[in-house]
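Colleague: return atomic coordinates for the entry below.
(2 chains)
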Amino acid sequence: MATRAPVVQVEHICKDYKLGEETVHALKDISFNIDDGVFLAIAGPSGSGKSTMLNMIGCIDTPTSGKIVVDGTDVSGKTPDELADLRSRTISFVFQTFNLFPVLSAEENVEYPMLRRTDISKSERKERVSFFLNTVGLAKYAGHRPNQLSGGQRQRVAIARALATRPRIVLADEPTANLDYKTGESILSMMKAINRAFETTFVFSTHDQRVMGMADRLVRIEDGELTTLGVRAGNVWKYVKEKDVPIPTSDAEMQQLLKEDPELRRMIMEDPELRRALLDDQSVAGVAGKGGR
Amino acid sequence: MPYPTTAALAFRNVTRNARRSAIALIAVGFGIVAMLLAAGFIDDILHGMREETIETHLGHVQITRPHYLEAGLAAPFDYLLPDNWPERQLLEKTNRVVVVSPRLTFNGLISLGDTTVSFLADGVEPDKEKNLAKQLKIVAGQNLSETEPKTVILGQGLATSLGAKLGDKVVLVANTQKGGVNAVEVTVRGTFSTVTKAYDDVALRLPLKTAQQLLRVQGTHRWVVLLDRTESTAAVVAALRQQFDSKKFDIVPWSQLADFYNKTVTLFSRQVTVMKLIIAAIIVLSISNTMMMSVMERTGDVGTAMALGNSRRDMLSLFLSEGLMLGIAGALLGVILGWAFAAVISFIGIPMPPPPGATEGFTAKIRLTPGLTSQALVLAILTTLIASVYPAWKASRMIIVDALRHNR
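Modeller: Numbers count the residues shown, from 1 in each chain, chains lettered A, B, ... in the order given. Modelled structure (predicted):
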């Protein structure tokens, strides 16, 4: 994986917008790369700018300054039509609210993004529709309209739709937020399995622990600033902190970090191997135990 | 996106959104029904007036000596058409000609007892006039007959001012060709009315033979020609003008004679045009409102579609196509409903008061012509398309992230 070029390069992205009289700095100088085939979570509390970040990677929003390279193409300064074309070939979306077209059946929804692709023949389209509906386990529901499907089924149709164009990258904005725990779990495992099987790059924005637990890359954004980059190799997380937050070099620093980051704490608590690999068991038990209550 | 795909998507959107499409169809259909009924009603009145004018006294074509119509009444004897001219036979054999009725027009005085008033008379051949003057209504008594030459029928107003009743003997006095005065006694056989009250106040009709005896002339002033259909007039006039010597004859179509009708048509046509504009404006407003609602309701879908790689153009042509399809469907619906309503209303009939200058009311119908129907179709489709332009443009210019947020 490391030998391949990153699918997305984010370089010094800033995003400002006006809210009434005031200028809000939604994102402040953010840089990171997304490697091919990763399962990456963009985490952060609501309002932190993670959705904005995701939208910019998806070329449906443009940065105020900075550069984004998607699949080797610098997207800054592209016209809306060029971006639309890039999206239809390279990028797919899975939305929190599923966003299926209510007038179209499940199979028509899956077929939809392929319709504008003149390079995909009709028979190829049909093949892919049945293949991906089968992949998400909804072959039986091909003729159902979204309102005849449960939330989990809808999200699976949306995933099949996202995969149908064989994109380089699937962007999922809080994909489990509108689903109950169990359904969310199964959706996530499915995406992880697809990520493994097709080596499709997945990028999530989420504040869901489980999503972060399954990710092999973590980007934390708080108040528009990138605070953590996490890389998991095997079962070991390696954290890289940017800006004025130092990279922990000692257990004491790690403890401090854990104190400030309840999510990281929980993640480590839930994963004994990670706990063992990263930290001294006892010291973490102390800190994490306090937070766990 | 290739256009057939867009069209297929638009079709699915329209057919699968029954409620939204129904609202739009009702708006378009209602406008078209309103336009068809109103225009068809006025058209029927005008059409009835036209046919009545033609069939009562004008005929489709009148053939006279040159300039008779301008100067003839003052010098009736200078413009006589001899009965034995060969053109008369030719005329009767001309294609589409149903009947040729000669008329001798003159004025004079009519007396009953002590009362004497002036009149305007048409000497006619009763058999031929029966075909021609279908709309000349016999109010009392009977129409003229070949077998009763010494009879007269009086216009309703003339009979009233004279105080004449059926069976009364009246005396007609007129100047003869040689300058003398002649009189004839005739029996009142009936009274009649036409669409023009001013005419009924002075008009009488008598058999041509009696009229020619009274004036001591041979020949007539006009050959009034009735055709099979009013629509054939132009063709027949053109044909006759080629065959007949213009130094000997004036060939005048009814439209040049029906001054009142022509002015009425001009007046009403303006009104109908204004009405069509108003209906077009109503359709544009209500459809653009419906289309706007449809776009707003689907803001999330638009955001999704664009996020999935559709261009602004795709969105624009999608919504325009939907507008076009709604326009076509609404137009067809409106036309079908319009024809159905028109049939029902025509079957029942609309009782109408006497029009200005007339003595009798009539029953109006809704007259829908292919021309009017195609106008309605074009109007509906065009206005709906125009009404879709702004909402479609609006949809194509949506900010994707804002549109997506709409779903939450």
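
Colleague: residues of chain A that sit close to chain B?
Modeller: Within chain A, the positions near chain B by Cβ under 8 Å from any Cβ of the partner chain are A:55, A:58, A:60-61, A:80-81, A:84-85, A:87-89, A:91-93, A:95-97, A:99, A:101-104, A:108, A:112-113, A:115-116, A:118, A:161, A:165. Glycine gets a C-beta too; all of them are placed from N, C-alpha and C.

Colleague: which helices and strands sit right next to the longest strand along chain B?
Modeller: Within chain B, and with DSSP state E defining each element, the longest strand by residue count is strand B:97-112. Secondary-structure packing of strand B:97-112 (3 or more Cβ pairs under 8 Å, 6 or more residues apart in numbering or on different chains; DSSP states H and E): helix B:86-93, strand B:115-124, helix B:126-132, helix B:156-162, strand B:169-175, helix B:208-215, strand B:222-227.

Colleague: report the buried residues of the second one.
Modeller: What it means is strand B:115-124. B:119-124 (16 or more other Cβ atoms under 10 Å in any protein chain shown).

Colleague: before we move on, the earlier item: tell me the mean pLDDT for the longest strand of chain B?
Modeller: When pLDDT is averaged over strand B:97-112, the result is 90.

Colleague: chain center to that strand: distance?
Modeller: A distance of 27 Å separates the C-alpha centroid of strand B:97-112 from that of its chain, computed with Cα atoms, centre = their mean, to the nearest Å.

Colleague: also stretch B:89-107?
Modeller: Using Cα atoms, centre = their mean, we find the averaged C-alpha position of stretch B:89-107 to lie 24 Å away from the chain's own average C-alpha position.

Colleague: now stretch B:260-280
Modeller: Taking Cα atoms, centre = their mean, one finds the center of stretch B:260-280 at 12 Å from the center of the full chain.

Colleague: same check, this time on stretch A:212-230
Modeller: The gap between the average C-alpha position of stretch A:212-230 and the chain average comes to 10 Å, counting by Cα atoms, centre = their mean.

Colleague: just stretch B:119-137 next, same as before
Modeller: Taking Cα atoms, centre = their mean, the mean C-alpha location of stretch B:119-137 is offset from the chain mean by 23 Å.

Colleague: ends of that stretch, how far apart?
Modeller: Criterion Cα to Cα, to the nearest Å; first-to-last residue distance in stretch B:119-137 is 19 Å.

Colleague: closest point of chain B to chain A, which residue?
Modeller: Taking Cβ to the nearest Cβ as the measure, chain B has residue B:309 as its residue closest to chain A, at 2.5 Å.

Colleague: do a quick rundown of the strands in the chain.
Modeller: Using chain A. Along chain A, the segments classed as strands by DSSP E run A:8-19, A:22-34, A:39-43, A:65-70, A:73-74, A:91-94, A:169-173, A:201-206, A:217-222, A:225-233, A:236-240.

Colleague: was after chain B, sorry
Modeller: B:61-64, B:97-112, B:115-124, B:137-141, B:151-155, B:169-175, B:181-193, B:203-207, B:222-227, B:250-253, B:350-352, B:362-364.

Colleague: by how many degrees do the third one and strand B:97-112 diverge?
Modeller: What it means is strand B:115-124. The directions of strand B:115-124 and strand B:97-112 differ by 160 degrees, with axes from the mean of the first three to the mean of the last three Cα atoms, to 10 degrees as the criterion.

Colleague: same list (the strands of chain A) but as a markdown table, adding distance to residue B:95, mean pLDDT and mean neighbour count.
Modeller: What follows is the strands of chain A, written out as a markdown table (distance: least, Cβ to Cβ, whole Å; pLDDT from 0 to 100; neighbours: other Cβ atoms under 10 Å in any protein chain shown):
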| stretch | distance to residue B:95 | mean pLDDT | mean neighbour count |
| --- | --- | --- | --- |
| strand A:8-19 | 81 | 89 | 16 |
| strand A:22-34 | 85 | 89 | 17 |
| strand A:39-43 | 88 | 91 | 26 |
| strand A:65-70 | 79 | 92 | 18 |
| strand A:73-74 | 77 | 90 | 13 |
| strand A:91-94 | 74 | 94 | 26 |
| strand A:169-173 | 79 | 93 | 25 |
| strand A:201-206 | 84 | 90 | 26 |
| strand A:217-222 | 91 | 88 | 22 |
| strand A:225-233 | 94 | 82 | 18 |
| strand A:236-240 | 101 | 72 | 15 |
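
Colleague: flag the shaky bits of the stretch 301-408 of chain B, pLDDT-wise.
Modeller: Segments of the stretch 301-408 of chain B classed as low confidence (criterion: pLDDT under 70) are B:356-359, B:407-408.

Colleague: around chain A, which positions in it sit nearby?
Modeller: Proximity of the stretch 301-408 of chain B to chain A, by Cβ under 8 Å from any Cβ, involves residues B:301, B:303-314, B:400-401, B:404, B:407-408.

Colleague: tell me which of those fall in helices.
Modeller: B:301, B:303-307, B:312-314, B:400-401, B:404 (DSSP state H).

Colleague: what's opposite the closest residue to residue B:97 other than its chain neighbours in the beta bridge?
Modeller: Leaving aside its chain neighbours, residue B:97 sits nearest to residue B:225 (5.7 Å; criterion: Cβ to Cβ, 6 or more residues apart in numbering or on different chains). Beta-bridge partners of residue B:225, counted by DSSP bridges, are residue B:61, residue B:100.

Colleague: give the burial count for residue B:225, as a bare number.
Modeller: Other residues within reach of residue B:225, judged by other Cβ atoms under 10 Å in any protein chain shown, total 27.

Colleague: quick check, central residue of chain B?
Modeller: Centrality entry for chain B: nearest residue to the mean C-alpha point is residue B:47, 2.4 Å, by Cα atoms, centre = their mean.

Colleague: what's the neighbour count on the residue of chain A found nearest chain B?
Modeller: Of chain A, the residue with the smallest distance to chain B, taken as Cβ to the nearest Cβ, is residue A:88 at 2.5 Å. For residue A:88, the tally of surrounding residues (other Cβ under 10 Å) stands at 23.
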